[in-house]
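In: what follows is a predicted structure for the sequence shown.
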Amino acid sequence: MNKRFLAVSVVVLLVVVNATMISFVLYPFSERGHRPVEEAFVVGESDEYAVDAKLTVDGDPIVSVEAVVSDSEGRYMRYVSEGAVTESYQNATTDMIRTRSVFTGEKADQRVQRIRDDPDRTIVNEEREGGTVSVVSVVEDPGYELNPSGAASVVVRTLLLASYDRVDATDKRGLRVLRPQSGWYNGSRSYRLTDASGEMRFDPATNVIHSANIEWTLTTDTQTYAHYLLSRNSAVTQEVSYEYREEEIRVDAPDWADDAATAARGDS
């Protein structure tokens, strides 16, 4: 009787172990069924504001945006991405947008050619040194204002990968404080965030982000725990820093922007 009971117990144990091993392979070890954040965080736009946004992956800068907007003093933006540095300036009294683009790498000539092919843009200066090309161009009557919010949104969209825990209290300005959650996510693609840390502050009435200092490790293709084990060597660490303010706004025209306006007037 004891032998029969022992034999049955061993069989049951093996079934349980096998089932556990199968579930371990087929499903995340700690599935929480997270979905990315549903609130549409946005870049603020007011008469005067400054924004500083940066995304790095494994310590390498991917996108960087520095911008200042003032209806009384003008608009300036510096955008860095994929071997290109683009500065744009528009003063408060004329429509002219002046842009200085610095390209490096094997795609530099293609990028310069795209500027040449733009019928609304006029090149007023071009310099080459080694593998770097610097091009200054103007759009004399664009019919629109320089708007940095689109460029900054490239960084903000990365924050939408996570869901967030709300910190108990708001800060002195009434901003809500959130912290990103590690976990398994089921968006348009399955992925996992680990070692999520940092905080984000935003206005719950407008969804405007005021600051963020967020970091996590992202692993894609994690439909099952087995997929995660196979993909984790290709995981990347993403860092997002973001600052938005509406005080002490000052816009100074770069020297190259004044030279561009002079050259454009001389060509006309």
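Out: Noted; the coordinates are in hand.
In: so where is the stretch 1-150 of the chain shaky, pLDDT-wise?
Out: Scanning the stretch 1-150 of the chain for pLDDT under 70 picks out 1-40.
In: mind checking the SS state of residue 55?
Out: What DSSP: H, G, I helix; E, B strand; the rest coil gives for residue 55 is strand.
In: wouldn't it be in contact with residue 65 here?
Out: No: judged on C-beta atoms under 8 Å, residue 55 makes no contact with residue 65 at a distance of 9.2 Å. Quick note: C-beta positions are derived from backbone N, CA and C, even for glycine.
In: overlap in contacts, these two.
Out: Shared contacts of residue 55 and residue 65 (C-beta atoms under 8 Å, 6 or more residues apart in numbering): 154, 155.
In: strands of the chain, residue ranges please.
Out: For the chain, the strands defined by DSSP state E occupy 48-57, 60-70, 74-81, 84-90, 97-104, 122-129, 132-139, 164-166, 176-180, 183-186, 190-202, 209-220, 236-245.
In: which positions in stretch 102-115 come out as buried?
Out: The neighbour-count check on stretch 102-115 (16 or more other C-beta atoms under 10 Å) flags 102, 103, 108, 111, 112, 115 as buried.
In: equivalent analysis for stretch 58-71, please.
Out: Of all the residues in stretch 58-71, those buried under the rule 16+ other C-beta under 10 Å are 62, 63, 64, 65, 66, 67, 68, 69, 70.
In: what bridges to the fifth one?
Out: Read it as residue 66. Following DSSP bridges, residue 66 is listed with bridge partners residue 52, residue 78.
In: right, and it touches residue 85 too?
Out: No: between residue 66 and residue 85 there is no contact under C-beta under 8 Å: 10.9 Å.
In: find the residues that touch each one of the two.
Out: With contacts taken as C-beta under 8 Å, 6+ apart, residue 66 and residue 85 have residue 78 as neighbours in common.
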